[in-house]
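K.L.:
Need coordinates for the following:
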Amino acid sequence: MQTPIADFLEKYEDSGMIRFHMPGHKGKADPYDITEVNGADSLYEADGIIRESEENAAALFGSKRTLYSAEGSSLSIRAMLFLALKNGKGRKIIAGRNAHKAFLYAAALLDLDVCWLMPKESNSLLSCHIEAEELEELLSHTAEKPIAVYLTSPDYLGGMADIRSLSAVCHKHGVPLLVDNAHGAYLRFLESDLHPLSLGADMCCDSAHKTLPVLTGGAYLHIGKDAPNLFYENAKQAMALFGSTSPSYLILRSLDLANKVLAEENAFPAMAKTVAEIKNKLKANGWQIMESEPLKITVKAPKDLTGFALAENLRKNGIECEYADADFLVLMPSPMNTKNELEKLVSALGKNELPDAAVQTAFMPLPKRAMSIREAIFAPHIRIKTEEALGKICAAPTVSCPPAIPIAVSGEIIDENIMALFRRYGIGEVEVLR
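P.N.:
Predicted coordinates for the structure are as follows:
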């Protein structure tokens, strides 16, 4: 597969051109870090090398259109919601409760009215398993047709929604399905294609940098082949509305080069088999391994241990995890990890002889809403100690990244259930309305 962006950057560097243009380092920091010079194309008006590269990516992912983001999936999320708003009537959107805070900020900017999908039960704030029957019930009885249904799959612990069934329900009711697939760009390249687009999603975002050989910030916005034409026709406008006018060519180059790797050196099927073997070894050593997407290892901490403690033990053995909390340890291997590194993980965790911890639920009734997300985020607010927050109105979501999943959503009244989750997840301070 051709790599037009990478090829142009190499030719430009080899030309010896004297650079009286941005950036100020004039190629001395990195010769491939350029701006939109002659021949380099422009990300939001792409008709040259960037367009060619994006079309290569679209062919790989089987999309109607794929657009690059140099600002992560956060930019793609904002664009998806804008397109859904432009396509639909009204401002109501149905969303899984475990949405990333980037979704909340986009909802605030666009003044969306979010109707939350709550799981019947969940052992983590990060998981929100919704059955097709539940979505059917909601869409059948909602008075106002939503502009879209928005889901996060895979979630931070690796849980995967039944996108095929959920998309069928959405399309039965004439509602687009949008998927935050930030953790699942690689799902297209397994022996069995599990990518949301292939399972019926109308739009989704992929954080290429999370699982593919791409620099941090590299991401995609994918438009499904059966999605409304408005999505296809207005996608660049949507990205330009929220994106920087100075996208990084280093990131664009890495997205371009990833196309060639995926087309010619796809190592994901083999890596998925290797990770499955490692999971089995960990189970044999007494660890409780949660069911998850193929390239995520989620360890449930046993009784009298926390995910934090497991993570600290790994650090002492020269291994850094993706995420840890009181209940879970999460690791994200990719084909860039060696078999030897995975075996070191097994050795570092060792054998577990503690019993399984009791299952705790993170499910809570939907809190009362005092105002819209937009009103709360734009209102004057202060940061206070969590123990002082009972009864106050949540302003900006105060959560760490990862996982950036809010406990209380902006505009909601902080009740006892939220307070309990603040304590469970170690949230020491929270932003509330003044």
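
K.L.:
And the helices in the stretch 101-250 of the chain?
P.N.:
Using DSSP state H, counting those that start in this stretch, the helices of the stretch 101-250 of the chain run over residues 101-110, 132-141, 163-172, 208-211, 229-242, 249-264.

K.L.:
ok, residues contacting the shortest one?
P.N.:
It refers to helix 208-211. For helix 208-211, contacts defined as Cβ atoms under 8 Å, 6 or more residues apart in numbering pick out 72, 182-186, 214-220, 255, 258, 295, 332, 334. C-beta here means a position set from N, CA and C on the backbone, and glycine is covered the same way.

K.L.:
I'd like to know which of these are part of strands.
P.N.:
219-220 (DSSP state E).

K.L.:
Drop anything exposed from the contacts of helix 208-211.
P.N.:
In the contacts of helix 208-211, burial by neighbour count holds for 72, 182-186, 214-215, 217-220, 255, 258, 295, 332, counting by 16 or more other Cβ atoms under 10 Å.

K.L.:
Of those residues, which pair is most distant in space?
P.N.:
Across the buried ones among the contacts of helix 208-211, no pair lies farther apart than 217 and 295, at 20.3 Å, counting by Cβ to Cβ.

K.L.:
rewinding a little: which one of the helices of the stretch 101-250 of the chain lies nearest to residue 201?
P.N.:
helix 163-172 (5.9 Å).

K.L.:
Return the list of helices and strands in contact with that closest one.
P.N.:
In terms of contacts (3 or more Cβ pairs under 8 Å, 6 or more residues apart in numbering; DSSP states H and E), helix 163-172 is packed against helix 132-141, strand 149-152, strand 177-180.

K.L.:
how many other residues sit next to residue 241?
P.N.:
Residues lying near residue 241 (other Cβ atoms under 10 Å) number 14.

K.L.:
List the residues that contact it.
P.N.:
Going by Cβ under 8 Å, 6+ apart, the list of residues near residue 241 reads 78-79, 82.

K.L.:
Would you mind measuring from it to residue 78?
P.N.:
Residue 241 sits 8 Å away from residue 78, going by Cβ to Cβ, to the nearest Å.

K.L.:
so what's residue 191 closest to, chain neighbours aside?
P.N.:
Leaving aside its sequence neighbours, residue 191 sits nearest to residue 269 (Cβ to Cβ, 6 or more residues apart in numbering; 4.7 Å).

K.L.:
from what I can see, that neighbour looks like it's in a helix, true?
P.N.:
Yes - under DSSP: H, G, I helix; E, B strand; the rest coil, residue 269 sits within a helix.

K.L.:
so what's it scoring on pLDDT?
P.N.:
If you check residue 269, the pLDDT there is 98.

K.L.:
which residues does it contact?
P.N.:
Counted by Cβ under 8 Å, 6+ apart, residue 269 has contacts 189-191.
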